[in-house]
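> Structure for this input, please:
(one chain, ligands or ions: 1)
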Amino acid sequence: MATLIIVGAQWGDEAKGKLVDVLGSQAQYVVRYSGGNNAGHTVIVGQETFKFHLLPAGILHPEVTAVLGGGMVVCPKSLLEELDRTRAARSELGRLAISPAAHVVFPYHRLLDQLEEEARGDDKIGTTSRGIGPAYTDKVQRTGIRMGEFVDPTVFPRRLEAVVQVKNRLLELFGGSPLSAKDLHDEYAAYAARLAPFVTDTDALLQDAIVAGERVMFEGAQGTFLDLDHGTYPYVTSSHPTAGGACLGTGVGPRAIDAAIGVCKAYTTRVGSGPFPTELHDETGETIRRQGHEYGTTTGRPRRCGWLDLHALRYSARVNSLSGLALTRLDVLSGLPRLKVATGYRLDGAELRGLPVLARDWERVEPVYDEVEGWEGDIRSAKALSDLPAAAQRYVRLVEEAAGTPIVVLSIGPDREETIVLRPDAFWG
Ligand code: IMP
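Got it, this is the predicted structure:
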């Protein structure tokens, strides 16, 4: 096995960073395939904490090539800031390769994101205000500026001039101020010059690497239920975080993918608006938020917290065709005397076979809960499943059975050491 997708199995923030860092260090290529700097991956190495938004966490390893795939939308300013920050902390980094097909996020995208949210009134999506939706809108509308054009000084000024004219009319329509194409060009042409050396044919790079049997890890951002097609639309992001997005966003075909590992918290969180059937509005929700430090990496917003949703997880396992599950943050549940898990949904009195499609049905479903015994004490020093309290072991088995997917890794704390690998052969064979 040489190709592996790591995908968020819930609404994002599943604590993918640690797994991605550990597995990425064993790969030759670590690839982001969708989204932009709306993502936030925290990686803790010893005393150092790294927060990544655009760069694949694999960049920390000098022997790794970190790839930004064509399915991404890239804010050049943020990327350069992140690169500079990471370089200041680490003298030796991996190589960076950016697809010429990735779309560029400009300030008008960010402004429109904010103005469009304001205009939505009570129906806000709760976006990260990073311009992600408007950048993908341009892509779908076939007016976006791609990395390959951005770094070509014979093309970029002309393309920008034309686009800014239209964007200024839109900005004014929403009550915003127009932008100066010249100022924008001057600032962004400097970023383009710095990024140009990294722009290269990443499709060919990855296709050749796969033929040569090199290890390629696809680093998912966000999560399954934020997927534009498979999530709780319209309360979703504008890209494809699901495993299928790894193919679309990199030029690698589906039969070249060997494994897909879903990352799932032992409970559920969501940031932003939108349906969340197992959300807790009580003291237990507060306890989970406090114990899990559940605040957004990108926006600092408090995350909404709730019980683990096994019904949704089963769908996630299927839509991503998961070969394994990484269950994270089990330690956060320690001390809760009783735990609930949703095993099904009822809508209008009938049990649902799958998931609702429309947001208004998502909002109306009633989860069917099973209640199980919790456990006491600090579990972070456990080295094997059998070191965990019996109730925690039962919880792990319950998740595995309900998802119909083996749990291959357990994360019981933020440090790299606080990880129990149950199936070492699940990753690279
Ligand atoms: P956008 O991606 O900024 O357009 O935001 C759309 C929705 O996706 C909002 O509910 C965000 O909170 C959510 N979202 C975007 N990126 C992430 C992420 O990395 N983790 C969790 N939620 C996210």
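
> Would you mind confirming that residue 316 is in contact with residue 14?
No - using C-beta atoms under 8 Å, residue 316 makes no contact with residue 14, being 10.3 Å away. Every C-beta, even on glycine, is put in place using the N, C-alpha and C of the backbone.

> what do the two both touch?
Shared contacts of residue 316 and residue 14 (C-beta atoms under 8 Å, 6 or more residues apart in numbering): residue 264.

> and the residue of the stretch 301-429 of the chain nearest the ligand?
Per C-beta to the nearest ligand atom, residue 301 is where the stretch 301-429 of the chain lies closest to the ligand, at 7.5 Å.

> surely that residue meets residue 294?
No - under the criterion of C-beta under 8 Å, residue 301 is not in contact with residue 294, lying 9.8 Å apart.

> More neighbours: these two, which one.
Legend: neighbour count by other C-beta atoms under 10 Å for residue 301 and residue 294, higher for residue 294 (21 against 13).

> Distance-wise, check the more buried one relative to residue 155.
Residue 294 sits 44 Å away from residue 155, going by C-beta to C-beta, to the nearest Å.

> for residue 330, same thing?
51 Å.

> So if I had to pick from the two, which one is more boxed in?
In terms of neighbours (other C-beta under 10 Å), residue 330 is the more surrounded of residue 330 and residue 155; the figures are 25 against 14.

> How about the contacts made by the nearest residue to that one once chain neighbours are set aside?
Excluding the flanking residues, the one nearest residue 330 by C-beta to C-beta, 6 or more residues apart in numbering is residue 266, at 4.5 Å. Listed by C-beta under 8 Å, 6+ apart, the contact set of residue 266 reads 308, 327-330, 332-333, 395, 399.

> Please identify which pair of those residues lies farthest apart.
Taking C-beta to C-beta as the measure, the contacts of residue 266 span a maximum distance of 14.4 Å, between 332 and 399.

> Enumerate the residues of the stretch 1-150 of the chain near the ligand.
For the stretch 1-150 of the chain, the residues in contact with the ligand (C-beta under 6 Å from any ligand atom) are 12-13, 38-40, 125-128, 130, 132-133.

> quick one: which of the residues you listed has the most company?
Result: residue 13 is most packed of these (other C-beta under 10 Å), 30 neighbours.

> Where does that residue fall, secondary structure wise?
Taking DSSP states H and E as the definition, residue 13 sits outside all helices and strands.

> ok now do the closest residue to it other than its chain neighbours, which residues does it touch?
Nearest residue to residue 13, sequence neighbours excluded (C-beta to C-beta, 6+ apart): residue 269, at 5.6 Å. By C-beta under 8 Å, 6+ apart, the contact set of residue 269 is 10-11, 13, 292, 294, 303-306.

> Residue 269 and residue 287: what is the separation?
Taking C-beta to C-beta as the measure, residue 269 falls 13 Å from residue 287.

> Ok, residue 20 next?
Distance, residue 20 to residue 287, using C-beta to C-beta: 28 Å.

> For the strand or helix carrying residue 22, list the C-alpha coordinates in CSV.
Element membership for residue 22 (DSSP H and E) is helix 16-24. Extracted C-alpha coordinates of helix 16-24, given in CSV (Å, rounded to 0.1, in the frame of the first residue of the first chain):
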residue,chain,number,x,y,z
LYS,A,16,-6.4,15.1,12.3
GLY,A,17,-3.2,17.1,12.8
LYS,A,18,-1.3,14.5,14.9
LEU,A,19,-2.1,11.5,12.7
VAL,A,20,-1.3,13.5,9.6
ASP,A,21,2.0,14.5,11.1
VAL,A,22,3.0,11.0,12.2
LEU,A,23,2.0,9.3,8.9
GLY,A,24,3.2,12.2,6.8
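
> Show me what it is packed up against.
The contact analysis (3 or more C-beta pairs under 8 Å, 6 or more residues apart in numbering; DSSP states H and E) places helix 16-24 against strand 3-8, strand 41-45, strand 216-219, strand 259-265, strand 324-328, strand 407-411.

> let's see 6 Å
Applying 3 or more C-beta pairs under 6 Å, 6 or more residues apart in numbering; DSSP states H and E, we find helix 16-24 packed against strand 41-45, strand 216-219.

> partners of the helix or strand just after it, with directions?
Counting by DSSP H and E, the next helix or strand C-terminal to helix 16-24 is strand 29-32. Paired neighbours of strand 29-32 in the sheet (DSSP bridges): strand 65-68 (parallel), strand 216-219 (parallel).

> Nearest to residue 119, out of the ones you listed?
Among these, strand 65-68 comes nearest to residue 119, with 30.8 Å by C-beta to C-beta.
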